[in-house]
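*Asks:* Provided below for reference: sequence and predicted model.
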Amino acid sequence: MQIKIKVLFSLGLLCIVSMLHAQDANNLTPVVLNVENERPIIESRNALYAKYLLDGDSVSIAALYASDGKMGCKKGAEILSAVGSWIRSSIKNDSRHLSFKTITLNSDDDLLIETGLAEGKNDIGKLKYSFRYLVVWKKENGVWKLYRDVSL
């Protein structure tokens, strides 16, 4: 009889601790990002992207993406391949000078959502192409990485 009571007591105690833990987890205040504090960081990541394109460094561009990131429908090694093709095309078409202009930057707790305008120019500054983009950024090991990257 004493064993049954001890088992029931232990199970009851376990249930109470589990409920208290779940209640504490539900009451956690989500981290709210201050978007304006993050804006210079995102702009510097965009500048790195543009520099790597100009340098023809597809490996460094691919490293700007999260481990589970996507560029359009491409993911993983497909990103590296797509960036390599883009670099070769931009060299051939003299359009390696890329710039990004962030239009909006919003937060969804631990993600940043950026919309912007990108322009590709030739060596003498003539506009070769432009496109709008939507990027979702997420932190990976404390660094903002491209999580979803879509041209609009």
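*Replies:* Here it is on my side, so go on.
*Asks:* from here on, just use CA atoms for contacts and neighbour counts.
*Replies:* Noted.
*Asks:* other SSEs contacting the strand or helix carrying L98?
*Replies:* Element membership of L98 [criterion: DSSP states H and E] is strand 97-108. Packed against strand 97-108 by the contact rule (3 or more CA pairs under 8 Å, 6 or more residues apart in numbering; DSSP states H and E) you find helix 35-55, strand 111-121.
*Asks:* deepest-packed of these, please.
*Replies:* strand 111-121 (a mean of 19; mean count of other CA atoms under 10 Å).
*Asks:* where's it relative to the chain centroid, distance-wise?
*Replies:* In terms of CA atoms, centre = their mean, to the nearest Å, the centre of strand 111-121 is set 12 Å apart from its chain centre.
*Asks:* what angle do the helix or strand that that strand is followed by and strand 111-121 make?
*Replies:* Where DSSP H and E defines the elements, the next helix or strand beyond strand 111-121 is strand 127-140. On the basis of axes from the mean of the first three to the mean of the last three CA atoms, to 10 degrees, strand 127-140 is oriented at 160 degrees to strand 111-121.
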